[in-house]
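In: A predicted structure for the sequence below; I have some questions about it.
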Amino acid sequence: MNALTRHHLELLLRSRRWLPPFLCYGILLVLGISGGDDPLSGCAYSAGLLLPVTAWCVRIALTAEPAAARACRAAAAGRVRVHLAALLAALITALGPAVAGAAAALLEGTSTRVGPATVAAAAVGATAACLLLGLAVGALGSRPVVADRTYGILLTLGGTVLVLLLPGSPGRTVVRGLVLGARDGRVDLAGGIAPALALSVLLAAAAVAVAAVLADRRSE
């Protein structure tokens, strides 16, 4: 599995197809975060941006290898392992902007009434939740779940919007929790961020499981 993941990481990085999502993330982050802002609001902004970027990375990782080469590798190692390795490679790739975005928000922000330990914990929880939700959206909006590229892109975009805006969604919960924390001076870690992160883990695991099952059943 490690060798397969390294292979997909090399394919993704060498293709340079990761540049557009990374550049978009960086530009929007620079435009949206400024010195003196509350670090919680900055982390909410960076975490929300991370979700579509992660979904984008998943789509890139799943299409980086030519179909013929992918079929040969699946015959040798199994479709499920190859697919899971691609998803893991995408998640590892998205860790770069995730760490950079959270660090930028924490370092640039100076004005807050919340303790530094609470701010750091909330930032990590929200970033991890959006990272996992982006993985789930990308996995369900890409092959083999959605074979058609156009429909896949539309479903991925729609899923990203729903996860960020739908009431009760863990993505909306963590982002809104940080925004309210910046306004009210307190963050509900135990009753807000932590349950949303746990739900994000479950949703990501379910999405990956569905994608793996379909990868095993459908020939590509």
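Out: Right, received. Where do you want to start?

In: element containing Ala117, please.
Out: helix 116-140 (DSSP states H and E).

In: quick check: mean pLDDT across that helix?
Out: The predicted model assigns helix 116-140 a mean pLDDT of 94.

In: hmm, Gly159 is touching Leu135, no?
Out: No - in this structure, Gly159 sits apart from Leu135 without contact. The criterion is Cβ atoms under 8 Å, and the distance is 11.5 Å. Where C-beta positions appear, they are placed from N, C-alpha and C, glycine not excepted.

In: looking at those two, which is more packed in?
Out: Neighbour tally, Gly159 and Leu135, criterion other Cβ atoms under 10 Å: the higher count belongs to Leu135, 27 against 21.

In: and the more buried one, what does it touch?
Out: Taking Cβ atoms under 8 Å, 6 or more residues apart in numbering as the criterion, Leu135 is in contact with Thr54, Ala55, Val58, Leu87, Ala90, Leu91, Ala94, Ala204, Ala207, Val208.

In: out of those residues, which sit inside helices?
Out: Under the assignment DSSP state H, those contribute Thr54, Ala55, Val58, Leu87, Ala90, Leu91, Ala94, Ala204, Ala207, Val208 to helices.

In: wait, the first one touches Thr127, no?
Out: By that I understand Thr54. No - with contacts counted by Cβ under 8 Å, Thr54 stays clear of Thr127, the gap being 10.4 Å.

In: which residues do those two both contact?
Out: Counting by Cβ under 8 Å, 6+ apart, the residues touching both Thr54 and Thr127 are Ala98.

In: look at those two and report which has more neighbours.
Out: Looking at Thr54 and Thr127 with other Cβ under 10 Å, you find the greater number of neighbours at Thr54, namely 28 against 24.

In: spatially nearest residue to that one (excluding sequence neighbours)?
Out: What sits nearest to Thr54 in space, not counting adjacent residues and going by Cβ to Cβ, 6 or more residues apart in numbering, is Gly134, at 2.6 Å.

In: ok, Tyr25 to Gly101 distance?
Out: Computed as Cβ to Cβ, to the nearest Å, the Tyr25 to Gly101 distance reads 7 Å.

In: what about the two, which has more around it?
Out: Comparing Tyr25 with Gly101 by other Cβ under 10 Å, the one with more neighbours is Gly101, at 27 against 23.
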